[in-house]
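**Student:** sequence and computational prediction follow.
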Amino acid sequence: MTQTQLSVNVGISTRTLSKVENGFDIKLSLFLAISDALGADAAELLQLSGSRSALTEANVQEIEQHLQAIKALLQK
């Protein structure tokens with residue numbers, strides 16, 4: 001998927017997506033929308049971000065639980 005395709009699927013500009021890719025702050029709703037558009041689990045994306053070394057497995061599991069709960073709330 002190209003950056004343009006992903007930005008269209010998420011409903012944001014390519015400039016906004018580029019900022020996200022370059023480490024600028026991201027809203028949780030945008031993060032979840034990007035993970036959905038990519039068909040990826042939000043926790044998997046956190047692991048790929050390079051911050052994995054700073055997180056314990058327990059931290060990752062806790063974040064995943066919170067993200068799933070928030071995602072469920074947003075889908076209602």
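**Tutor:** Perfect, thanks for sending it.

**Student:** now the nearest residue to Ile70 once chain neighbours are set aside. Its backbone dihedrals?
**Tutor:** Among residues not flanking Ile70 along the chain, Leu28 sits closest, at 6.5 Å (Cβ to Cβ, 6 or more residues apart in numbering). To be clear about C-beta, it is placed using only N, CA and C from the backbone, and glycine gets the same treatment. Note on Leu28: backbone dihedrals following degrees, to the nearest 10 are phi -60, psi -40.

**Student:** same check on Gly11?
**Tutor:** Note on Gly11: backbone dihedrals following degrees, to the nearest 10 are phi 90, psi 30.

**Student:** longest helix of the protein, counting residues only.
**Tutor:** Ranked by number of residues, the top helix in the chain under DSSP state H is helix 57-75.

**Student:** residue ranges with poor pLDDT in this protein?
**Tutor:** Filtered on pLDDT under 70, the chain yields the residue ranges 48-55, 76.

**Student:** centroid-nearest residue for it?
**Tutor:** Centroid-nearest residue in the chain: Phe31, 3.2 Å away (criterion: Cα atoms, centre = their mean).

**Student:** go ahead and confirm Ser13 touches Ser7.
**Tutor:** Yes: the pair Ser13 / Ser7 is scored as a contact, 6.1 Å apart, by Cβ atoms under 8 Å.

**Student:** of those two, which one has the most company?
**Tutor:** Ser7 (20 against 12; other Cβ atoms under 10 Å).

**Student:** tell me, how many residues neighbour the residue nearest to Met1 when sequence neighbours are not counted?
**Tutor:** Nearest non-adjacent residue to Met1, counting by Cβ to Cβ, 6+ apart: Leu38, 7.2 Å away. For Leu38, the tally of surrounding residues (other Cβ under 10 Å) stands at 15.
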